[in-house]
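Asker: Build me a model:
(one chain, ligands or ions: 1)
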Amino acid sequence: LNINWFQKEANANDEVSMTLNISADLSSLFTWNTKQVFVFVAAEYETPQNALNQVSLWDGIIPAKEHAKFLIHTTNKYRFIDQASVLP
Ligand SMILES: *[C@@H]1O[C@H](CO)[C@@H](O)[C@H](O)[C@H]1NC(C)=O
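Answerer: You can find the predicted model right below:
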């Protein structure tokens with residue numbers, strides 16, 4: 001939804017804070033044998049150093065099928081930092 005701030009320092013790692021709406025219906029993952037579901041959102045992007053970068057932004061545990069359909073309004077739970085100074 002929004003880039004809240006973006007920090008770019010000379011010779012330092014880039015970091016960005018974002019606001020996200022995360023919505024999903026994961027009800028179909030629940031069977032008679034499902035205790036809980038772990039869900040995460042990761043940013044995946046390409047940089048000159050790495051063909052694939054993956055950074056976890058948010059995660060959660062769904063304890064029951066009744067909670068499997070959700071919409072969460074949040075900022076990234078884990079810091080989104082690139083190992084170099086290349087976030088666009
Ligand atoms: C994001 O979530 C908030 C809170 O549920 C909602 O009010 C808003 O309309 C949502 N925005 C978009 C673009 O879906």
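Asker: Kindly export stretch 76-85 (C-alpha atoms) in PDB.
Answerer: Extracted in PDB, the C-alpha atoms of stretch 76-85 (Å, rounded to 0.1, in the frame of the first residue of the first chain):
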ATOM      1  CA  ASN A  76       6.600  -5.300   7.600                       C
ATOM      2  CA  LYS A  77       7.100  -7.300  10.800                       C
ATOM      3  CA  TYR A  78      10.700  -8.100   9.900                       C
ATOM      4  CA  ARG A  79      13.200  -5.600   8.700                       C
ATOM      5  CA  PHE A  80      13.600  -5.400   5.000                       C
ATOM      6  CA  ILE A  81      17.300  -4.800   4.500                       C
ATOM      7  CA  ASP A  82      19.200  -5.500   1.400                       C
ATOM      8  CA  GLN A  83      22.800  -6.600   1.900                       C
ATOM      9  CA  ALA A  84      24.100  -3.900  -0.400                       C
ATOM     10  CA  SER A  85      22.900  -0.500  -1.600                       C
END
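Asker: give the contact list for the residue sitting nearest the centre point of the chain.
Answerer: Central residue of the chain (CA atoms, centre = their mean): residue 57, 2.7 Å from the mean position. Counting by CB atoms under 8 Å, 6 or more residues apart in numbering, residue 57 touches 18, 20, 41, 42, 43, 76, 77, 78, 80. No exception for glycine: its C-beta is placed from N, CA and C like everyone else's.
Asker: Just want the phi and psi numbers for residue 32.
Answerer: Main-chain torsions, residue 32, degrees, to the nearest 10: phi -60, psi -20.
Asker: Now for it: which residues touch it?
Answerer: Per CB under 8 Å, 6+ apart, neighbours of residue 32: none.
Asker: Please report how far it lies from residue 65.
Answerer: Noted for residue 32: a distance of 10 Å to residue 65, by CB to CB, to the nearest Å.
Asker: any low-confidence regions in the protein?
Answerer: The chain contains residues with pLDDT under 70 at 85-88.
Asker: What separation is there between residue 33 and the ligand?
Answerer: For residue 33, the distance to the ligand (CB to the nearest ligand atom, to the nearest Å) stands at 32 Å.
Asker: can you check residue 54 too?
Answerer: 24 Å.
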